[in-house]
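Chemist: Attaching a predicted model along with its sequence, questions to come.
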Amino acid sequence: MSASTDVDMENKAANIDESLYSRQLYVMGHEAQRRMGESNVLIINIDGLGVEIAKNIILAGVRTVTLFDDAPSTYMDLSAQFYITEDDVKKGVSRADASLHKLAELNPYVHVTKHTGSLTPDFISKYRVVVLGNATRQYALEVNELCYSQNVAFIMTESRGVFGSVFCDFGDSFVVSDTDGEQPITSMVASITTTDVVSKLLVTVTDDARHQLETGDFVTFREIQGLEALNECDPVPITVTGPYTFTIDYVGAAANVLGGYVTQVKQPKTLHFKRLKESLVSPGEFLISDFAKIGRSEVLHVAFQALESYRAQHGHLPKSGDSQDAEVVLRLAKELAEERSVDVDEKIVSALAFGARGVIAPITAFLGGIVGQEALKACSGKFTPIHQWFYFDAVECLPTTPLPVSEYQPINSRNDSQIAVFGRTFQTKLNELRLFLVGAGAIGCEMLKNWALMGIATSEEGLIHLTDMDMIEKSNLNRQFLFRSHDVGQAKSTTAASAIRGINPLVHIKSYVTRVGAESEATFDDVFYDSLSGVCTALDNVDARLYMDQRCLFYGLPMMESGTLGTKGNTQIVVPKLTENYGASRDPPEKSIPICTLKNFPNAIEHTLQWARDWFEGVFFQTPNDVNTYLTSPDFVAKNVHTDAVERVYQALVVERPKSFDDCIAWARLHFENMFTNSLKQLLHNFPLDQVTTSGTPFWSGPKRPPTPLIFSSDDDLHMDFIISVANSRAQTYGLTGHRNRDEIVEALKKVHVPAFVARDGVKIAANDEKMKEEQRIASSGPPELPTPVTVGGFRMKPIEFDKDDDRHMEVIVATSNLRARSYKIKEADLHSSRFIAGKIIPAIATTTALVTGLVCLELVKYFQGKPLEAYKNGFVNLALPLFAFSEPIPPKVTTTTLNDEPYKWTAWDRLEMNIGDVSLQYFLNHFEKSYGAEISMLSYGVTILYAMYSAKSRSKERMAMKISELVTTITKTDLPPNQKYLILEICATDADGEDLELPYIRYQYRP
């Protein structure tokens, strides 16, 4: 590497591109990102596992990545190596050469090179970490010793069929700066009192949330009133005495302590690692991958060594599906196990030997995510590394009954490596699948890559449907690896579909730029869903997931679901009839901020940011939207007479409509005075600083912080940030031209008349949400007189829809939030932190994303092999800890009732089928009673009642002769989609004794 290149790399490392790494920075932090940007990584062996690791590390933004692999590309590589083409195989191009340029395209800030020749101490010393994949054990020992001699972190990993292993050696002394990656806990202090022990104080936090601290944690205090000396103390350890209390060592009195905060302080942790040669014999504790497989790690530790012994003796890995080779491996494992006092599971060892030659995409995606993150831990010191062995298996994916050896033999196809694990017959089934992938973001890109490598939808019968309505943004490039900088602004779905054909030209894929929901059911109709083999969701919101869950329930389709949150990931497999559906279990709703806290009593930056965003959306989006609606809808006033929308329109069109940018500056200045001065003076007028509650405690205590009204100054940068950003946004909504010349804006401000504040005694300020609701009910006045649309000509406002990635929008949010925070003595937040909170950003990294898609694909394999319930696994991982937890899916809830005098059990997957064509209501009712021995007392379609036993006879008689489809269109006054075959009909029914029956809905097929 040249000196100039070194300088370039250093400059790039010093300047973090927040627009590219924004979602990752919320996981790693700036300091860890800086350390990564200064780190060099060497990856040895660029097969399917190696390229996956390289991809994740490059996307993360290290300084350099060097590839070391002279082995020629083969057909066996194509099942997992997504940057090798069949042309590379035919030409014998090395795996490093085939991958180099494509990997380099992933991140312009990472210098990607290849190395040829030997590994010397001097060469190794340049790197922070060396990653070695799928190598012989002897070579691994040599590289580990070389790394140890140069104090270079070493990671070894293997992907063998459905098995995998990871080993980490980060040296004699490795410091972890942040063990779990969680945000330090902050709680509001309610009181600090003395205890029976002279040198201890009891700290009690407010009862709105537990402190969540543990004994031994360190904390600091700030804004404590009455014991200010605590605010200056270094971090002190605590002893937890209850969910809301803990003690600290402190000598001093603690009388009348009011308010303040206590914050956890993360402490570094030092770990000590053993070298590979020592750890092979004395591995210590294993990181458990599945608590249902306790003892499996010990077996696999022996089995992997036996596999290496076989390779050392025979010069190759066992042949796929060869029972004789497997017997040799088993014998070697037993010999080793006897020395180590380990009980050998013969089936597990044999399964490892049978598929050891196969390197498959689901396992490399899973391991690539883990190892990629371990390498980043070595570079950054962020998160706890694997200490030191991790083994994983997915034996549940393997064929239930033994297959003939011929099933596993290579056929010079791109799926040879996968055939070596699952057999040719199953490969044909994968080729013919028709899947619907909803979402082409981070998870969607990784899933498509896996499917292309697995050969899914590569036959004439196969097809992948892909939909995503989003366009590509720069921040996507850090983890959505199918996209490049020149794709920014293009549709994700069409771009991803094109990119995936570059990985496997045989893939059949159709892309849509369509949101899934009721509005798109004409596109994704009955014919569409009936053609599918399964559905996979790659979504970022619960509502869309719940919608797809209902679609899968209705059409009896499996749903493969996954999600990530930083280093955390989860997967769920939903299998028709076998498991509960996605919507059967719900997370509790997020805790919302009380309205009175937002409006009058904020005590955290989250409160001021939400307040700022609400204000932004109100004045720059909702009001312009209301104005435009009024100008185009004659009934606007009538519909909004009981809301404040009419008043907002009146102010925007009559009272406050600007004619120039100077008017916008004046508007911003007056709003500053109202928001940060007058309203706070009024609040303090209503609730003086010395006010007490009815119980005698100070009103301004606990979560209520008294504000300090601000005095505007054009010399204050934050004050001017508000004026400049708000005035320009105001101008934009009115189609006026603004500017950011500070001197000119200051001059314009001098001309603004700011009325003096006069306190109003009649103003009521609600002290809590209940009082606020009561006052809102009481307050009511007639709407103002609005100008007619004709009098304003063709004028339309330009609403600004908040975009967290638009810095101009965030300028308004940050300035508004920080001014309010300053008023309430709340710690102000920078742009990066404010964007995260106000934008409700989901932190994301490529490693977790790759990992969960690997797990999902393993469940896909199980489903299309027809596995029983106990074979499936829902997964949860946290790469920061690291933690892996798997559980068997929950079966669906069963409801028992009676039909035809027989017990009838049903779940959410069941429905009563009526495939009798488009018949009359009378025929329908009679047929149902004859088929199920029950009488329908009410029949409805959505919210529309089609038939009710208690209806007037004249109406019932008229409807009885109508066909069901005609009945629906007549009553709902809407046409049925031309490709719709089914109607969902809800019923109330009784048995022969008149007893109510609890029954599922009817799926009525009225068209063939």
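Modeler: That came through, no problem. Residues are numbered from 1 along each chain as shown.
Chemist: What does the closest residue to residue 119 other than its chain neighbours show for phi and psi?
Modeler: Closest residue to residue 119 apart from its sequence neighbours, by C-beta to C-beta, 6 or more residues apart in numbering: residue 146 at 6.1 Å. For glycine as for every other residue, the C-beta is placed from the backbone atoms N, C-alpha and C. Main-chain torsions, residue 146, degrees, to the nearest 10: phi -60, psi -40.
Chemist: What of residue 224?
Modeler: Dihedral angles (degrees, to the nearest 10) for residue 224: phi -70, psi 130.
Chemist: low-scoring stretches of the protein, by residue?
Modeler: Applying pLDDT under 70 to the chain flags residues 1-14, 253-255, 762-783, 954.
Chemist: Next, count neighbours for the residue nearest to residue 119.
Modeler: Using other C-beta atoms under 10 Å, residue 146 has 18 other residues around it.
Chemist: do you know how far it is from residue 283?
Modeler: Per C-beta to C-beta, to the nearest Å, residue 146 is found 21 Å from residue 283.
Chemist: repeat for residue 545
Modeler: Residue 545 is 40 Å from residue 283, by C-beta to C-beta.
Chemist: Between these two, which has more neighbouring residues?
Modeler: residue 545 (20 against 17).
Chemist: can you tell me which residues contact that one?
Modeler: By C-beta atoms under 8 Å, 6 or more residues apart in numbering, residue 545 lies in contact with 537, 539, 561, 582.
Chemist: can you rerun that using 6 Å?
Modeler: By C-beta atoms under 6 Å, 6 or more residues apart in numbering, the contact set of residue 545 is 537, 539.
Chemist: Check the offset of the helix or strand in which it is found from the chain's centre.
Modeler: Assessed by DSSP states H and E, residue 545 sits inside helix 542-555. Centroid separation between helix 542-555 and its chain, computed with C-alpha atoms, centre = their mean, to the nearest Å, is 18 Å.
Chemist: All the strands of the stretch 401-550 of the chain, residue numbers only.
Modeler: Secondary structure of the stretch 401-550 of the chain (DSSP state E, counting those that start in this stretch): strands located at 434-438, 463-467, 509-512, 534-537.
Chemist: Tabulate the ones you listed (CSV), appending mean neighbour count and distance to residue 152.
Modeler: Putting the strands of the stretch 401-550 of the chain into CSV (neighbours: other C-beta atoms under 10 Å; distance: least, C-beta to C-beta, whole Å) gives the following:
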stretch, mean neighbour count, distance to residue 152
strand 434-438, 23, 40
strand 463-467, 23, 42
strand 509-512, 20, 42
strand 534-537, 24, 40
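Chemist: Pipe those into a markdown table and attach distance to residue 996 per row.
Modeler: Output for these, formatted as a markdown table (distance: least, C-beta to C-beta, whole Å):
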| stretch | distance to residue 996 |
| --- | --- |
| strand 434-438 | 38 |
| strand 463-467 | 41 |
| strand 509-512 | 43 |
| strand 534-537 | 34 |
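Chemist: three-state assignment of the residue positioned nearest the centre of the chain?
Modeler: With distances taken as C-alpha atoms, centre = their mean, the residue of the chain nearest its centroid is residue 564 (3.6 Å). Secondary structure, DSSP: H, G, I helix; E, B strand; the rest coil: residue 564 is strand.
Chemist: That one touches residue 848, doesn't it?
Modeler: Yes - counting by C-beta atoms under 6 Å, residue 564 does reach residue 848; the two are 4.5 Å apart.
Chemist: Check which helix or strand the residue nearest to residue 860 when sequence neighbours are not counted maps to.
Modeler: Computed as C-beta to C-beta, 6+ apart, the closest residue to residue 860 that is not its neighbour in sequence is residue 560, at 6.0 Å. Assigned by DSSP H and E, residue 560 belongs to strand 559-565.
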